[in-house]
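1. Give the three-dimensional model of this entry:
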Amino acid sequence: MVGLSDYAAFVLLPRLTARLDREAPRVSLVIRNTSRSVGLPMLDDGAVELIASNFPQPPTHMREELLYEEDHLQVSMSGYVDAVLTEKRLKRNVVVRSATS
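-> Numbers count the residues shown, from 1 in each chain. Reported below is the predicted structural model:
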């Protein structure tokens, strides 16, 4: 079982499933949705064997590895950004504008 955030699943799953279909067609991959707050506990409890997303620093008995870097900003309505802002006693004001032709 692999724990992935929605965004990590969006980025990683298409290539991962294509490669598994090619190189290991009999392997069954089970994906569990995870988030910043529950990912490390899921891994620690054995609910998943691997997690992928933007998680806090893991405890010393766990190992982390950078899988990829991106050069664009992901805007999320909750999660990591809000946690950092809360620690700094800040809030964000999200405004969405849509231009029509």
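
2. from here on, contacts and neighbour counts on C-alpha atoms
-> Will do.

3. measure the residue nearest to Asp6 when sequence neighbours are not counted to Thr86 for me?
-> Sequence neighbours aside, Asn33 is the residue nearest to Asp6 in space, at 6.9 Å (criterion: C-alpha to C-alpha, 6 or more residues apart in numbering). Separation of Asn33 from Thr86 (C-alpha to C-alpha, to the nearest Å) stands at 24 Å.

4. same question, Leu4
-> According to C-alpha to C-alpha, Leu4 stands 24 Å off from Thr86.

5. Please identify which of those two sits among more neighbours.
-> Leu4 (24 against 12; other C-alpha atoms under 10 Å).

6. which phi and psi does the more buried one have?
-> Main-chain torsions, Leu4, degrees, to the nearest 10: phi -130, psi 140.

7. what's it in contact with, if anything?
-> Leu4 makes contacts with Ile31, Arg32, Asn33, Thr34, Ser35, Ile51, Ala52, Ser53, as judged by C-alpha atoms under 8 Å, 6 or more residues apart in numbering.

8. Can I have the buried ones of those residues as a ChimeraX selection?
-> Selection of the buried residues among these in ChimeraX, burial being defined by 16 or more other C-alpha atoms under 10 Å:
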select :31,32,34,35,51,52,53
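
9. Can you add secondary structure and give the contacts of Leu4 back as a markdown table?
-> Converted to a markdown table, these look like this (DSSP: H, G, I helix; E, B strand; the rest coil):
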| residue | secondary structure |
| --- | --- |
| Ile31 | strand |
| Arg32 | strand |
| Asn33 | strand |
| Thr34 | coil |
| Ser35 | coil |
| Ile51 | strand |
| Ala52 | strand |
| Ser53 | coil |
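
10. Adding pLDDT as columns, could you present the contacts of Leu4 in CSV?
-> Shown next, in CSV, are those (pLDDT from 0 to 100):
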residue, pLDDT
Ile31, 93
Arg32, 92
Asn33, 90
Thr34, 90
Ser35, 84
Ile51, 93
Ala52, 89
Ser53, 84
